[in-house]
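# Below is the structure, and that's it, no one-letter string:
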């Protein structure tokens, strides 16, 4: 079983749609959680950290369920510029090493 | 602004060549930097953790004699791919940060193509 699992997609949605991505992680000792976005042939860029209480940044909402070891990302009112691969990333301990999911590809269509 | 600067961004060279990639922390002194590799349509895989003033820690399956890491200062880590072969062609990315559960920030990446 992979340490961090994501639905690879691709998700093709029209502009304005709401789309949700899910992610599960296997290490119950994981301490911090992030969503990064990666554009084609570019480095990952931090989208948002994920907190236990859930957090929102504009059109983006992240949720964490530690009991189920499940993380989600909701994007509302999708824009063309949201097209990218979304990476679920988990930090599993004091070594500060990140474990990446394989990414979920999103294409927002006009 | 950028937190990490990585250079070069693109390298094309012949098989057998050694290639050096630099990673600079711009905003703070980084005692630890991370080197990742990403093959097409795959996720990032941690290769090694670079430690300032001491030996790097390599992940299982990563040859330390092939991927030489030097972290001689608090702002610079280098990765040298020695005697590179076509199978070493990949996207190499460094990162800094991650302390106290904070996110890591990535360099622009280096796309290495070995002919």
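Alright, I've got the coordinates. Everything quoted here is computed from the prediction, not taken from an experiment. Numbering: from 1, shown residues only, chains lettered A, B, ... in the order given.

# What strands line up against the helix or strand residue B:111 falls within, and which way round?
Assigned by DSSP states H and E, residue B:111 falls within strand B:110-114. Sheet pairing for strand B:110-114, assigned by DSSP bridges, gives strand B:10-13 (parallel), strand B:90-97 (antiparallel).

# what ranges do the helices span in chain A?
Under the criterion DSSP state H, chain A carries no helices.

# Quick one: name the residues of chain A near chain B.
A:31-32, A:34, A:41-46, A:49, A:87, A:91, A:95-103 (Cβ under 8 Å from any Cβ of the partner chain). The way it works is simple: take the backbone N, C-alpha and C, and place the C-beta from them, glycine included.

# got a pLDDT number for residue A:24?
pLDDT recorded at residue A:24 is 96.

# okay, how far is it across stretch A:46-56, tip to tip?
Using Cα to Cα, to the nearest Å, the end-to-end distance of stretch A:46-56 comes to 14 Å.

# okay, now the spatially closest residue to residue A:55 that is not a sequence neighbour: neighbour count?
Spatial nearest neighbour of residue A:55, chain neighbours left out: residue A:62 (5.5 Å); criterion: Cβ to Cβ, 6 or more residues apart in numbering or on different chains. If you count neighbours by other Cβ atoms under 10 Å in any protein chain shown, residue A:62 ends up with 22.

# Let me see the confidence value for residue A:62.
Taking residue A:62 on its own, its pLDDT is 97.

# what's it in contact with, if anything?
The contact partners of residue A:62, taken as Cβ atoms under 8 Å, 6 or more residues apart in numbering or on different chains, are A:35, A:48-51, A:54-56, A:71-74.

# cool, residue A:59 as well?
When contacts are counted by Cβ under 8 Å, 6+ apart, residue A:59 touches A:75-79.

# Let me see the ranges of the strands in chain B.
For chain B, the strands defined by DSSP state E occupy B:4-7, B:10-13, B:19-25, B:32-38, B:45-51, B:57-58, B:67-73, B:76-81, B:90-97, B:104-106, B:110-114.

# I meant to write chain A there.
Using DSSP E, strands in chain A cover A:4-6, A:11-14, A:19-25, A:32-38, A:44-50, A:55-57, A:60-65, A:70-75, A:84-91, A:98-100, A:104-109.

# ranking the ones you listed by burial, who's on top?
Each of these was scored by mean neighbour count; the highest is strand A:84-91, a mean of 24, by mean count of other Cβ atoms under 10 Å in any protein chain shown.

# helices or strands next to it in the packing?
On a contact count with 3 or more Cβ pairs under 8 Å, 6 or more residues apart in numbering or on different chains; DSSP states H and E, strand A:84-91 meets strand A:4-6, strand A:19-25, strand A:32-38, strand A:44-50, strand A:70-75, strand A:98-100, strand A:104-109.

# Need the contact partners of it.
A:3-4, A:6, A:21, A:23, A:25, A:27, A:30-40, A:44, A:47, A:71, A:73, A:97-101, A:103-106, B:43-44, B:98, B:101.

# swap in stretch B:79-90?
B:13, B:15-21, B:23, B:35, B:37-39, B:47-48, B:50, B:65-70, B:92, B:94, B:112-115.
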